[in-house]
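> Generate coordinates for the sequence data below:
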Amino acid sequence: MDKKCGVKLSKIRFLYYGLGIFIGCFVLWISLSEGKQLHFLDMEIMPSKQSFIINVGANGEYVDVFAAEKGVHVAVNYTERLEEQQTRLTIEGKIRKKTSDSMPIHLLLLGFDNTEKWQWEILSSVGLSSVRFSKGEMANVRAYLYPYVVVIFGILGVFLLFKNNGKKRNYAKERLLEFMDDAENQAAFEAGKRWFLIHDRRRYWNRCLILFFLCGLGLYILQRYLYKWVLLNSADHIGAVIILTLVIVSLGGVLEAYWAIKHIEVLTRENRPLTASAAFLMEAAYGSYRYQSYYKKQIHNAAVGLARAGRYVQALKLADDRWNSVQEKKLMQLLHSNLRQVCFLGLGREEEAETEFAHQKQLVKNYPKLKKMGEAVLLSTEIRKAFIDQKFGQAEAYVNVYCDRYPDAYHRIPLMPIQMIVYEQADEIEKAKNICGNLLSYSPENIAVREAMRYGACTYVESPDFLKDKNGLVCRIVITGVLGIYTVLFGSDMLMGTHHWGPSETRAYEETDAGKLISQTNDTEKAENETTETELPESEQEQDFPASASQEPGFEMDLPEDWNGLAARKEFEGGCSYHQKKSYDLMGDGVLFYIQAYSDCSYVNLPDYEIWGYDGPCVYVMSQPTDVTFYTEDSAIREEYHKMQGEISQIRDTFRIQSDTAKYDGYEFVFPNSSYSLLQEPDLWNLSASQLRIARNEIYARHGRLFADEELQRYFNQCSWYEGTIAPEDFKENVLNETERFNIRLIQKQQQKME
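Numbering: from 1, shown residues only. Model prediction:
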C-alpha cells in the first residue's frame, strides 16, 4: 500500500505470489519426503494365454509401485504399495488387443525411497511363455529437485524486491502525485484508480489460472507419466492432459489480452480523458509490466488523456520523458509526433506544430505500413490547418470525409467544435446546434466539451455499467469453478495416489528363463480352521500352467418328434440356437434356447441357464431368453411357442458330448471347470457368500477331502460325484494344480470383500 498515493493494490496479487511460494514449498516437501533413490524393474513378457499373473517380491518399506504397458492394449491391475520386507506385489493382466502374437508386453515397476540396496524378485507367474527383465536405479534424485526450488524462490524474491522500484516507476508515481494534488482532478483520480483496480484483479486472476494449470500440468506429468514416457516411449494419456492444459492456458492468455483491450476503453469508449490518464499512470507506476515498450504505451496513453483534457504542458512533459525517437518503433513515433503537434497547436506554437506535421508526412511516406493510421492523423491535421486559415469550405469537406471514415466518438470529439463553427459560418444554425447538443452529451473532462458549455449545460450521464466489474465477476466465477474442479481432481490424484518423482535411466537387459525365475511350491501347508475350511497360502505356486483344450468337443441331441418342421437351428461360434420356425420366418427371432460351450467361467453371469454337461475346461450351457422373442400378433404362434418351451427339459435327457470323458452332473457344481479354467473377478460378483464358500471348497472336494464343518460335509455327501476319503489334517496341498490354487485365492479375496 502506498500511503501517499492512497493506492491499495488488489489482494489477488498476493494470491498469485502465494501460489508461486506454495509450489516451491510443495516441491521442497516432495524432495524431502519422497526419498532420494529411484529403483525400477522393466519387464518384457510374452504371454501364452489371454490372461496372465505375475507375483513380484521387493524389499523396502512404504514403497509405491507403478506398472505400465507399451505396444499392446492390456488391462493391468496391481497392488500399489509394499509395506513389509520382501512383500509380494501381484500384477494381473488381460490382453484386450494385440497387434501380433510375437509382440511382447512391457511392464515397468518403480520404487522410490531411501533404500540403498534394492532387490527385485519374480516369485511366480501364470500364463507366460518367457520373461526378460532389466533392473536399475537412480541415486540422489533430490539433486534434481533442489535447484528447481532455488530457482522458484529466487525468481519470486527478485520479483517481490524490484516489482515496484526503478526510475521509470518512480517518475510515474511523481506524475501521479501531481495529478492527485490538483483539486479539480479528485473525482477523475478516484474513478481512474477504481478502473485500474478492476482490471488489475481481472489480470491477476487470469495469471493465477495460468500459473496453476502450468505447474499442475508439470507435476501431473512428472508424477503419472514421466517414467512411462521416458523409459517406455509411451505417451498414453499425456497428450490429452497437455491439450487440456494448453486449451485452458490459451483461454487465460486470450482473456488477458481481452482485459488489456478493455482497459483502454475508458479513453476510447467512455471518452473520459482525465480518468483514463489517472488509470494509465497507475498502470505505469504499479502495473505488472515487464517491458519498456509497455511502460511507454501507458505513459503515452496518459499523455493523450491530458492533452484531450487541455493539460497541454503536463502532456508534453509526460510524453517527452526519456523519449528516444531513433530507437522507438515507427508507429510509436507517429503517434508521439501527433500528440506533440496537438499540444503545440493548443499552446499556439505553430512553427513547432508545422515541424511535427512534416515529420509525420515523412514517416507515412517512408513506411507504407503506417498508411492507414497515418491517413487519419494527417487528415485531422489538415482539418485544423484549414480551420486556422479560415478555409471553412475545405475544412467542412475534410470533416465530412473524416467522419465517414471514423464515425466513433473518440475520433470525432476533438473536431466537433471545428465542425460546429464551420456550420455557423455557413449559416447552417440547426446543424451547428445539433453538433453542440451532441458534444455536450460527453464528459466535461474533454476540453472540447468544456468549450461548448458556454452555449449550454452539459448533459453527460455516466454509463450505468461504468466502474462495474460484472463481466470480470462472471469470468472469475467460471474460472474459479473450473479451477476448483481441477484442484479437487489433481489434489486427489497427487495426494491420495502414488507418487513417483525425479528422472530415471534404463539399464541393459538381463535375459533369463521364466522357469528359473518362478519359485517352487511348498507342499506342507495345512487347511485353515474348521469354520471357514481350507484357504490356500498365497505364497504357494506351481511352475507350469496347464493349457486348456484348443477346441471343445462337439455335441448332439434329439428334438421331440412333434417339433418336426416347427424348429429352426442357427449355428454360431461355440454353439447354436433353436428358434420357433414360424416366428423366425416372420421376424427373424423366436429363440427357444441357446446351447453354448464355454472354456472360461463367465457363464455364471447368465440370467437364466442350466449346465447340461462338461468335459475338462469346456462347459456346455443351455440358456433361455429373458424377454419376448416370438411373434406376438398371432395367438396360435404364441401358444405353440409356450408348448415348445415346456418340452426343452426332454431335450436335456438326450444331450450328449462327443467325448469319452464328458460328465453330466454340472448342476451339482458352482463351477464344474474351476480345476481347468482361470476365474476372473466379474465371475464372482453375482455370487452370494454361501455360493462363494461352496465354489472354493468344491475344488478340495474333487480331490476327496473330508470337511470338519458338518454343514459342508452334508452338502457334498449329496453330490453324486463326491468321494470323500482324506481327513482334513491329512490333506496335502500339493495335489492342487496351479489353476486351482489361483482360483481359491481369488475366491478368498472376494469373500474378504463381502465380510
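> Need the nearest residue in space to residue 277, chain neighbours excluded.
In space, residue 277 comes closest to residue 305 once its chain neighbours are excluded; the distance is 3.3 Å by CB to CB, 6 or more residues apart in numbering. For the C-beta atoms, the positions are set from N, CA and C on the backbone; glycine is no exception.
> Report the buried residues of the host helix or strand of that neighbour.
Assessed by DSSP states H and E, residue 305 sits inside helix 292-308. Judged by neighbour count using 16 or more other CB atoms under 10 Å, the buried positions of helix 292-308 are 295-308.
> try stretch 264-276
264, 265, 266, 267, 270, 271, 272, 273, 274, 275, 276.
> Reformat the buried residues of helix 292-308 as CSV; add pLDDT and distance to residue 382.
Below are these laid out as CSV (pLDDT from 0 to 100; distance: CB to CB, whole Å):
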residue, pLDDT, distance to residue 382
295, 83, 32
296, 86, 28
297, 88, 27
298, 89, 30
299, 90, 28
300, 91, 23
301, 92, 25
302, 93, 27
303, 93, 23
304, 93, 20
305, 93, 24
306, 94, 24
307, 93, 19
308, 93, 20
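> Other residues contacting stretch 455-473?
191, 194-195, 198-199, 201-202, 205, 259, 270, 436-437, 440-444, 449 (CB atoms under 8 Å, 6 or more residues apart in numbering).
> again, only using 6 Å
194, 198, 202, 270, 436, 440, 441, 442, 443, 444 (CB atoms under 6 Å, 6 or more residues apart in numbering).
> do the same with stretch 393-400
382, 383, 386, 387, 419, 422.
> how about a cut-off of 8 Å?
If you take CB under 8 Å, 6+ apart as the criterion, stretch 393-400 is touched by 379, 382, 383, 386, 387, 415, 418, 419, 422, 423, 426.
> what about the most far-flung residue of the chain relative to its centre, which SS state?
For the chain, the largest distance from the centre (CA atoms, centre = their mean) belongs to residue 427, which lies 69.6 Å off. Here residue 427 is recorded as coil under DSSP: H, G, I helix; E, B strand; the rest coil.
> What pLDDT does the model give it?
Looking at residue 427, its pLDDT is 86.
> For it, give its distance to residue 421.
Distance from residue 427 to residue 421, counting by CB to CB, to the nearest Å: 12 Å.
> quick one: residue 727 and residue 704 touch, right?
No. Contact criterion CB atoms under 8 Å: residue 727 and residue 704 do not qualify, at 10.3 Å.
> Could you tell me which residues make contact with residue 725?
Per CB under 8 Å, 6+ apart, neighbours of residue 725: 704, 706.
> just to revisit the earlier point, among the contacts of stretch 393-400, name the buried ones.
379, 382, 383, 386, 387, 415, 418, 419, 422, 423.
> What is the nearest of those residues to residue 559?
residue 379 (99.8 Å; CB to CB).
> gap between the closest residue to that closest one other than its chain neighbours and residue 9?
Leaving aside its sequence neighbours, residue 379 sits nearest to residue 402 (CB to CB, 6+ apart; 5.3 Å). Distance from residue 402 to residue 9, counting by CB to CB: 41 Å.
> Over to residue 420?
Residue 420 is 43 Å from residue 9, by CB to CB.
> Check the buried residues of stretch 264-276 against residue 610 and report the nearest one.
Checking those against residue 610 by CB to CB gives residue 265 as the nearest, at 78.4 Å.
> pLDDT score assigned to that closest one?
Residue 265 is assigned a predicted lDDT (pLDDT) of 87.
> how about it, what does it touch?
Residue 265 touches nothing, counting by CB under 8 Å, 6+ apart.
> backbone phi and psi for it, please?
phi -70, psi -20 (degrees, to the nearest 10).
> ok, it to residue 437 distance?
24 Å.
> same deal with residue 257?
37 Å.
> Mind checking which of these two has more residues around it?
The residue with more neighbours, out of residue 257 and residue 437 and counting by other CB atoms under 10 Å, is residue 437; that gives 14 against 11.
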